[in-house]
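1. Mind looking at a prediction? Sequence and model below.
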Amino acid sequence: MIRSMKKLIRIFFAALLSAGVTATVTGSPVYAARMGSASASIPETSSDFPGLRLSDPHKDLRQLSKDLKLTREQRQVISSILEERTREMRLLLEVKALSQDFRDMLTAIVMNNSNAQIESLLRSKQKTKFDQELIQAQRPR
């Protein structure tokens, strides 16, 4: 339990630092990823979160590759970013001692951090399309 909390705290501060650097460098915040998107298909097994689904990094990569016309090199790096994001999200779900508000805040930080990493790999036209899709995904359905 203590080991999980230490990992979580490290992730939190790394994500917080990274998000702050990204906002400073780009001049604008990176939008949160598609939490309720159709690509969310891996069911979470935790009984504390019934109906919650985590994003499938392979489906996300296929969709991004299709939408943004990613190069092979971009796909390789983005694949590892998406895998790490899913791992961090699962870790957040495993720590039972977190309040829902704190968990939501950490989730947003992880998503913003991974989106900033992805965005840093994209060309100008790809960044524009990526940002447009994130904004569109945030609209109420």
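-> Now that the structure is in, tell me what you want to look at.
2. Name the nearest residue to residue 85, sequence neighbours excluded.
-> Closest residue in space to residue 85, ignoring its immediate chain neighbours: residue 114 at 4.1 Å, by C-beta to C-beta, 6 or more residues apart in numbering. All C-beta spots, glycine's among them, are computed from the backbone N, C-alpha and C.
3. residues touching the one you found, list them.
-> 33, 81, 82, 84, 85 (C-beta atoms under 8 Å, 6 or more residues apart in numbering).
4. Next, give me the two most distant ones among those residues.
-> 33 and 84 (13.2 Å; C-beta to C-beta).
5. out of the two, which sits in the more crowded spot?
-> Ranked by neighbour count (other C-beta atoms under 10 Å), residue 33 and residue 84 place residue 33 first, with 24 against 15.
6. what pLDDT does the more buried one get?
-> With respect to pLDDT, residue 33 scores 38.
7. Strands of the chain, start to end?
-> Using DSSP state E, the strands of the chain run over 40-43, 53-55.
8. for stretch 91-98, what is the average pLDDT?
-> The model assigns stretch 91-98 a mean pLDDT of 90.
9. and it, which residues are buried?
-> 92, 93, 98 (16 or more other C-beta atoms under 10 Å).
10. Including distance to residue 131, could these go into CSV?
-> Below are the buried residues of stretch 91-98 laid out as CSV (distance: C-beta to C-beta, whole Å):
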residue, distance to residue 131
92, 25
93, 28
98, 30
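11. so which of those residues comes closest to residue 138?
-> The closest of the buried residues of stretch 91-98, once distances to residue 138 are taken by C-beta to C-beta, is residue 92, at 20.2 Å.
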